[in-house]
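[1] heads up, no residue letters with this:
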């Protein structure tokens, strides 16, 4: 039996991040991955990378079709074989630096096979056993399945197979679920030439975002020919059709050549022998862990999607940093929290958020002031036609205005994910909004909207007395 300092199960974002840190500081490290083609995990193989490549292509289709108003005609649908070829080419470039061979060249031991706990300290892969001082579960998640009568009668896609199996563009695509995956891929296929219907059990799309953001995005979808059916669900599939029922019990059918199931994700726990490892699950089938990612086995931690909290690749990066801070400095440990979490939904327009949501701040009784800023009169938005956009900024609820710091932010706009980064940095660095207000931005960069929002906060605070004092000062000294 070979002994290591640390064993990591899974070569996704969390597994690669943890093995990299362990290797840098000189620990004897073993990385176990059951599928040699799965290095990079969901993000590289089935999620972030292929979806953003698809979005890049879909946006070009959309721009080409819209240019007809300037005298250039463009029509037609996507050749999905060529689209998938492009996606796979980009994936291969990214995967070259994170496959088994690349990791071994860095001094990390890599074993391909399925890991299973023999006892609390020992893992078996094939006929070999390994033990370590610390074991990290970075086993990721998978798409939740939809148990709908007749689903076998239609072509079913999830984010795990659509980038490999969808070689022909479906004429009619039914998307089940209106979260980030459903909205991103639904818009992509509509732009590539499919007739897309998004079926959503909730009352609005992207329901973790502010309600106004959901409304804006749904209006954009409607203009692009995407049908959104809220408060509805697919109750049955028949040949080439899907049967829809709304909350009032009314039923109707829609054409369906294929369906994309995007109703959430479940943690990968099967075949790991968790019981033998002394690792318990919650009632919902997630791995029990404390705010420091420790499972019910004190030598085993769970990181990334497998932790079952927030399922983002950058969320895994956040967890990796926090875990190693606590492993190396086990005093005044840092607890996991979501107040510095951020995310971007890469629809067009993009939807970006950082920090706690307003609902979370209310639940935690955090004092805040919120400033809403539409983009109707923003010059860059006028030029590039995203005046429907909106920014919300939450700042501390008390103290001198110019000294108050940012708590959270939300933006729906073209390139929203890029625009909010300086605000997120300001939040982390504790930069008061007065500093942003006093910056000089080159005209007309998109991030000027950040200053316009903070300036709105400061201007709203001017009292009649302060204005009068200003007039008196000007007239006295000039």
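    Yep, it's here. If you're wondering where the values come from, they're calculated on a predicted model, not measured in any experiment. Numbers count the residues shown, from 1 in each chain.
[2] Would you indicate which residues of stretch 394-401 are buried?
    Across stretch 394-401, burial judged by 16 or more other Cβ atoms under 10 Å covers 394-396, 401. Yep, even glycine has a C-beta here, placed from its N, CA and C like the rest.
[3] actually stretch 171-184, not the one I typed
    172-184.
[4] Okay, the closest residue to residue 14 other than its chain neighbours and residue 347: tell me how far apart.
    Leaving aside its sequence neighbours, residue 14 sits nearest to residue 304 (Cβ to Cβ, 6 or more residues apart in numbering; 2.9 Å). Distance, residue 304 to residue 347, by Cβ to Cβ, to the nearest Å: 24 Å.
[5] Look at those two and report which has more neighbours.
    Taking neighbours as other Cβ atoms under 10 Å, residue 304 and residue 347 compare with residue 304 leading, 35 against 22.
[6] would you list every one of the strands in the stretch 201-350 of the chain?
    Listed in chain order, the strands of the stretch 201-350 of the chain (DSSP state E, counting those that start in this stretch) span 227-229, 232-238, 241-246, 251-255, 258-261, 265-267, 300-302, 342-345, 350-354.
[7] Present the ones you listed as JSON lines; the columns should include mean neighbour count.
    Compiled in JSON lines, the strands of the stretch 201-350 of the chain are given as follows (neighbours: other Cβ atoms under 10 Å):
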{"stretch": "strand 227-229", "mean neighbour count": "19"}
{"stretch": "strand 232-238", "mean neighbour count": "18"}
{"stretch": "strand 241-246", "mean neighbour count": "19"}
{"stretch": "strand 251-255", "mean neighbour count": "13"}
{"stretch": "strand 258-261", "mean neighbour count": "24"}
{"stretch": "strand 265-267", "mean neighbour count": "19"}
{"stretch": "strand 300-302", "mean neighbour count": "27"}
{"stretch": "strand 342-345", "mean neighbour count": "20"}
{"stretch": "strand 350-354", "mean neighbour count": "25"}
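[8] Compute the distance between the residue nearest to residue 14 and residue 227, please.
    35 Å.
[9] do residue 212 as well
    On the measure of Cβ to Cβ, residue 212 and residue 227 end up 21 Å apart.
[10] Could I get the buried residue list for the top strand by length along the chain?
    In the chain, assigned by DSSP state E, the strand with the most residues is strand 128-137. Neighbour-count burial for strand 128-137, counted by 16+ other Cβ under 10 Å, picks out 130-132, 134-137.
[11] any idea which of those residues is closest to residue 323?
    Residue 323 has its nearest neighbour among the buried residues of strand 128-137 in residue 136, at 7.8 Å by Cβ to Cβ.
[12] if I pick the residue lying closest to the closest one once chain neighbours are set aside, what's in contact with it?
    Distances taken as Cβ to Cβ, 6+ apart put residue 8 closest to residue 136, at 4.6 Å, once the chain neighbours are dropped. Counting by Cβ atoms under 8 Å, 6 or more residues apart in numbering, residue 8 touches 15, 18-19, 22, 29-32, 135-136, 138.
[13] same check, this time on residue 110
    Residue 110 touches 11, 30-33, 100, 103-104, counting by Cβ under 8 Å, 6+ apart.
[14] Wait, a strand at it?
    Yes: with DSSP: H, G, I helix; E, B strand; the rest coil as the criterion, residue 110 is assigned to a strand.
[15] For it, give the beta-bridge partners.
    Bridge pairing for residue 110 (DSSP bridges) gives the partners residue 31.
[16] All further residue positions should be reported with the first residue as 54.
    Okay, using 54 as the starting number, the last item reads as residue 163.
[17] any idea how far residue 189 is from it?
    15 Å.
[18] go on, residue 505?
    45 Å.
[19] Show me where the stretch 404-531 of the chain has its strands.
    421-427, 443-449, 459-466.
[20] deepest of those, which one?
    Among the strands of the stretch 404-531 of the chain, ranked by average contacts under mean count of other Cβ atoms under 10 Å, first place goes to strand 459-466 (a mean of 26).
[21] Run a quick neighbour tally on the residue lying closest to residue 485 once chain neighbours are set aside.
    Spatially, and ignoring its direct neighbours in sequence, residue 485 is nearest to residue 456 (4.7 Å; Cβ to Cβ, 6+ apart). Using other Cβ under 10 Å, residue 456 has 11 neighbouring residues.
[22] Just the pLDDT for residue 456.
    Per-residue pLDDT puts residue 456 at 93.
[23] which one of the strands of the stretch 404-531 of the chain lies closest to residue 348?
    Comparing the strands of the stretch 404-531 of the chain by Cβ to Cβ, strand 459-466 comes nearest, at 30.6 Å.
[24] What lies in contact with that closest one?
    Against strand 459-466 from outside (Cβ under 8 Å, 6+ apart): 262-263, 266, 269-270, 402-411, 414, 419, 421, 428, 434, 439, 442-449, 472-473, 476-477, 479-480, 484, 486, 499, 502.
[25] Partner strands of that strand, with direction?
    Here, using DSSP bridges, strand 459-466 pairs with strand 403-407 (antiparallel), strand 443-449 (antiparallel).
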